[in-house]
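> Fold the stuff below for me.
(one chain, ligands or ions: 1)
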Amino acid sequence: MEKFILAIDAGTTSSRAIIFNHKGETKGIAQHEFTQHFPKESWVEHDGLEIWETQLLAINEVLEKTDIKSEQIQAMGITNQRETTLIWDRKTGKPVHNAIVWQDRRTASICESLKKQGKEKPFYEKTGLLLDAYFSGTKIKWILDQDPKLREAAEHGELAFGTVDSWLIWNLTKGKVHVTDVTNASRTLLFNIHTLQWDDELLGTLDIPKALLPKVVSSSEEVGLTDSSWFNHPIPIAGIAGDQQAALFGQMCISPGDVKNTYGTGCFCIMNTGDTPVISKNKMLTTIGYQINGKVSYALEGSVFIAGAVIQWLRDQLGMISDASEIEALAKTVENNGGITFIPALAGLGAPYWDPHATGSILGITRGTQKGHIARAALEAIALRVREIVIEMQKDANTTFKSLKVDGGASNNNLLMQIQADLLETEVIRPQTTETTALGAAFFAGLATGYWDSIESLAEIWAVDQKFSPNPNADTQKTIRLWDKRIVKLNNQEVPNE
Ligand code: ADP
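I've put the predicted structure just below:
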């Protein structure tokens with residue numbers, strides 16, 4: 001009987017289930033979207049029960065579609081939208097509030113006031129994170145602050161907190177298992193990434209009872225079995241990781257200096273820094289990449305808020321193209337950027353600038369400027385922002401990266417990938433499986449259950465689609481010089497370490 005691994009990819013907009021075979025090939029995918037709730041400006045919520053129901057549906061559907069029996073699933077791995085916060089009643093299994101999604105900014109004022117009290121330092125030192133509404137800690141506090149009865153129930157151990165991984169495992173095991181893994185824990189603002197423990201001081205600062213919290217497990221170990229009522233046969237749950245960390249592993253970034261970048265609406269860049277947690281000088285986040293057999297691999301993370309979104313803007317606001325994929329052909333109508341620099345600060349600038357007030361601009365326009373030049377400069381802008389992050393990470397980690405592994409929607413753009421290779425003077429590698437997040441979760445589960453016997457055997461099945469080598473004749477110096485000059489002028493501040 002052939003065996004498979006099932007990956008659950010619990011994303012921000014949909015619940016997905018994907019089956020992989022021994023070669024890491026996709027046997028089938030099922031996906032169900034769920035409702036996004038926007039109760040107020042800057043608030044984003046999900047219905048926890050809808051997340052669970054759509055996930056269950058996706059799992060059953062992929063099994064049916066592929067005609068694979070639950071007995072053939074050796075193990076299940078879970079990857080999830082990170083930071084999204086749920087609290088539920090341990091007895092009834094019902095959430096006490098809608099899930100507060102990572103994008104939700106309602107707790108920005110809690111963060112501001114904590115910063116004013118000088119509380120950011122212990123959070124940064126212990127968790128590697130900045131005090132920001134993005135992370136779970138202040139979201140938990142906000143829910144408990146709504147009703148004194150909730151905090152009392154939490155103190156008495158009647159409620160449970162979890163990110164989406166915990167919530168799904170709780171439901172899959174019918175309340176038998178309440179766990180999260182180190183990567184998800186490392187995004188809560190409550191977990192000391194050095195001691196690998198929930199931190200009493202930080203819990204105290206946020207007034208969060210410890211009795212709420214799940215047990216923290218590694219990313220690759222068997223934590224329980226699915227209740228036999230769900231799928232004829234109980235399936236071991238054996239892998240858990242937040243989406244970006246799962247992608248890091250799914251891209252086989254397993255040595256210090258290995259980096260992956262996801263090109264979506266924004267960019268998520270993560271570098272493996274090995275067994276040392278590197279504290280960044282440039283406000284990159286320090287996080288846990290994964291933990292296998294007790295050994296933790298740390299990572300540095302930097303995000304670009306606006307990447308593929310620049311292409312959306314050219315499409316929707318300027319009508320320059322009608323589909324994102326047309327940008328490549330348009331950019332190829334010209335030989336170079338014609339002196340244009342596109343500063344993509346359409347929603348402020350993230351690391352290493354951290355200027356929430358920065359705005360975008362297109363500089364260097366002359367009478368000879370064509371649409372193609374702007375298209376090319378827009379692609380260069382994405383690659384230049386990624387370059388800045390990767391270079392700063394490299395300095396922080398005191399390591400040199402050998403190549404950049406890529407995924408996400410915009411990584412299909414060959415010209416963008418070539419520009420990236422030229423600007424970094426490093427090889428850019430695009431894998432065959434673009435489902436790197438789900439693949440990472442499958443790898444964790446398969447490793448824990450002997451489906452794959454070693455990390456080395458995973459590296460062997462990880463297959464390349466295309467490599468982009470830097471063109472030694474590429475004239476990138478002028479582009480970089482102009483960018484540095486113009487972005488500095490725009491932000492009226494120095495480019496760090498230049
Ligand atoms: P997300 O997961 O953030 O929704 P995806 O990984 O699905 O993002 O990628 C979609 C983003 O990639 C969009 O912002 C889109 O503009 C951009 N994109 C898609 N195809 C291309 C392309 N060929 N060239 C450049 N950008 C692209």
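
> Please name the residues that touch the residue in the stretch 101-250 of the chain positioned nearest to the ligand.
Distance from the ligand to each residue of the stretch 101-250 of the chain (C-beta to the nearest ligand atom) is smallest for residue 243, at 9.7 Å. Just so you know, the C-beta spots here come from the backbone N, C-alpha and C atoms, and that holds for glycine as well. Contact partners of residue 243, counting by C-beta atoms under 8 Å, 6 or more residues apart in numbering, are 9, 11, 79-82, 437.

> PyMOL command to pick out the buried ones of those residues?
Here is the PyMOL command that selects the buried residues among the contacts of residue 243 (16 or more other C-beta atoms under 10 Å):
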select buried, resi 9+11+79+80+81+82+437
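
> out of the contacts of residue 243, which are inside strands?
Applying DSSP state E to these, the entries found in strands are 9, 79-80.

> Report the entries of those that also contact the ligand.
Applying C-beta under 6 Å from any ligand atom to the ones in strands among the contacts of residue 243, one finds that nothing falls near the ligand.

> Need those residues in TSV (columns: pLDDT and distance to residue 444).
Conversion of the ones in strands among the contacts of residue 243 to TSV gives the following (pLDDT from 0 to 100; distance: C-beta to C-beta, whole Å):
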residue	pLDDT	distance to residue 444
9	95	13
79	97	8
80	95	13
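
> Quickly name whichever of these is closest to the ligand.
The closest of the ones in strands among the contacts of residue 243, once distances to the ligand are taken by C-beta to the nearest ligand atom, is residue 9, at 11.4 Å.

> doesn't residue 81 make contact with that closest one?
No. In this structure residue 9 lies outside contact range of residue 81 using C-beta atoms under 8 Å: 9.4 Å.

> for residue 236, what are its contacts?
Residues in contact with residue 236 (C-beta under 8 Å, 6+ apart) are 74-76, 222, 224-225, 445, 449.

> now those: which count as buried?
By neighbour count, with 16+ other C-beta under 10 Å, the contacts of residue 236 hold 74-76, 224-225, 445, 449 as buried.

> okay, those in JSON lines with distance to the ligand, pLDDT and secondary structure next?
Written out in JSON lines, the entries for those read as follows (distance: C-beta to the nearest ligand atom, whole Å; pLDDT from 0 to 100; DSSP: H, G, I helix; E, B strand; the rest coil):
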{"residue": "74", "distance to the ligand": "29", "pLDDT": "97", "secondary structure": "strand"}
{"residue": "75", "distance to the ligand": "26", "pLDDT": "97", "secondary structure": "strand"}
{"residue": "76", "distance to the ligand": "23", "pLDDT": "98", "secondary structure": "strand"}
{"residue": "224", "distance to the ligand": "30", "pLDDT": "97", "secondary structure": "strand"}
{"residue": "225", "distance to the ligand": "32", "pLDDT": "97", "secondary structure": "strand"}
{"residue": "445", "distance to the ligand": "23", "pLDDT": "98", "secondary structure": "helix"}
{"residue": "449", "distance to the ligand": "29", "pLDDT": "97", "secondary structure": "coil"}
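
> mind putting the residues you listed in CSV, distance to residue 31 included?
Formatted as CSV, those follow (distance: C-beta to C-beta, whole Å):
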residue, distance to residue 31
74, 22
75, 21
76, 16
224, 25
225, 25
445, 19
449, 25
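
> buried stuff in the one helix or strand residue 237 maps to?
Element membership for residue 237, per DSSP states H and E: strand 236-242. Buried residues in strand 236-242, counting neighbours by 16+ other C-beta under 10 Å, are found at 236-242.

> for stretch 41-58, same thing?
Neighbour counts over stretch 41-58 (16+ other C-beta under 10 Å) mark 44-52, 54-56, 58 as buried.

> Number of residues surrounding residue 384?
Residue 384: 25 surrounding residues under other C-beta atoms under 10 Å.

> Turn the contacts of residue 236 into CSV, columns for distance to residue 18.
Output for those, formatted as CSV (distance: C-beta to C-beta, whole Å):
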residue, distance to residue 18
74, 15
75, 14
76, 11
222, 20
224, 21
225, 20
445, 12
449, 17
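
> picking that back up, which two among the contacts of residue 243 are spaced furthest apart?
Pairwise distances across those (C-beta to C-beta) peak at 12.5 Å, for the pair 9 and 82.

> Around the residue of the stretch 351-498 of the chain found nearest the ligand, how many other residues sit close by?
In the stretch 351-498 of the chain, the residue found nearest to the ligand is residue 409; the distance is 2.1 Å by C-beta to the nearest ligand atom. If you count neighbours by other C-beta under 10 Å, residue 409 ends up with 16.

> Contacts only, for residue 94.
49, 88.

> what's the distance between it and residue 10?
Between residue 94 and residue 10 the distance is 19 Å, computed by C-beta to C-beta, to the nearest Å.

> Could you do residue 290 as well?
17 Å.

> Name the residue in the two with the higher neighbour count.
Taking other C-beta under 10 Å, residue 290 and residue 10 do not tie; residue 290 has more neighbours (29 against 26).

> Excluding residues flanking it in the chain, which one is nearest that one?
residue 219 (4.3 Å; C-beta to C-beta, 6 or more residues apart in numbering).

> Which residues of the stretch 201-350 of the chain lie near the ligand?
The stretch 201-350 of the chain comes close to the ligand at residues 264-265, 308-309, 311-312, 324-325, 327-328, as judged by C-beta under 6 Å from any ligand atom.

> Show me just the buried residues among those residues.
Looks like those have 265, 308-309, 311, 324, 327-328 buried, using 16+ other C-beta under 10 Å.

> does the longest helix along the chain come close to the ligand?
Ordering each helix of the chain by length in residues (DSSP state H) puts helix 371-397 first. No. Using C-beta under 6 Å from any ligand atom, helix 371-397 stays clear of the ligand, with a minimum separation of 6.9 Å.
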